[in-house]
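[1] got a predicted structure here, sequence first:
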Amino acid sequence: MHICSVCSEQIPKYKCPVCKTRYCSVSCYKKHKDDCLPVKQAASPALDLSVTHNSAEGGWSVGDLLDEDAQSDRVPLQRLKELGESEELRALLCNPHLRQLLLTVDQAENKSDVMKVVMQEPLFVELADQCLQIVEPSKENSSPID
């Protein structure tokens, strides 16, 4: 487990887009950026990490938010947009019981244990299945995304 490279107190949630130093908050980022030194990176042609999000602190790329292990599981941006546009998902998310399940997971201290219980709920399984159908469609239904 990593700790913040700046304050050495919290678990880092972010990674510097320039030098890949891990930090936990905006205040730690502001302290870090004065001493930031870029690192050389080998570009990976297989990963399209060009999507950036502009913030007050500067531009962020998807690659800055993912560690190396998570990049292989990255969902293409177009698929994420399709999740947001899905009428089936919207209909499911109107269900008060499902909304309560999601809130329970979100507010739990030990999310892993709560997820094990929630994953036994048929309504949650239906939500997960619907998301997977959009994110990883079967080969006969899929169209290539470029």
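    Ah, there it is.
[2] helices along the chain, start to end?
    26-33, 62-65, 68-71, 77-85, 87-93, 96-107, 111-118, 122-135 (DSSP state H).
[3] mean neighbour count, the ones you listed: which tops it?
    Across the helices of the chain, averaging neighbours per residue (mean count of other Cβ atoms under 10 Å) puts helix 62-65 on top, at a mean of 18. To be clear about C-beta, it is placed using only N, CA and C from the backbone, and glycine gets the same treatment.
[4] in CSV, list the helices of the chain along with mean pLDDT and distance to Pro17.
    Output for those, formatted as CSV (pLDDT from 0 to 100; distance: least, Cβ to Cβ, whole Å):
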stretch, mean pLDDT, distance to Pro17
helix 26-33, 84, 10
helix 62-65, 56, 4
helix 68-71, 54, 15
helix 77-85, 87, 18
helix 87-93, 91, 31
helix 96-107, 90, 27
helix 111-118, 89, 27
helix 122-135, 91, 26
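[5] now these in a markdown table, with distance to Cys19?
    Shown next, in a markdown table, are the helices of the chain (distance: least, Cβ to Cβ, whole Å):
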| stretch | distance to Cys19 |
| --- | --- |
| helix 26-33 | 8 |
| helix 62-65 | 11 |
| helix 68-71 | 15 |
| helix 77-85 | 25 |
| helix 87-93 | 38 |
| helix 96-107 | 32 |
| helix 111-118 | 30 |
| helix 122-135 | 32 |
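[6] wait, which of those helices is closest to Cys7?
    helix 26-33 (5.4 Å; Cβ to Cβ).
[7] contact partners of that closest one?
    Helix 26-33 is contacted from outside by Cys4, Ser5, Val6, Cys7, Tyr14, Cys16, Thr21, Tyr23, Glu57, using Cβ atoms under 8 Å, 6 or more residues apart in numbering.
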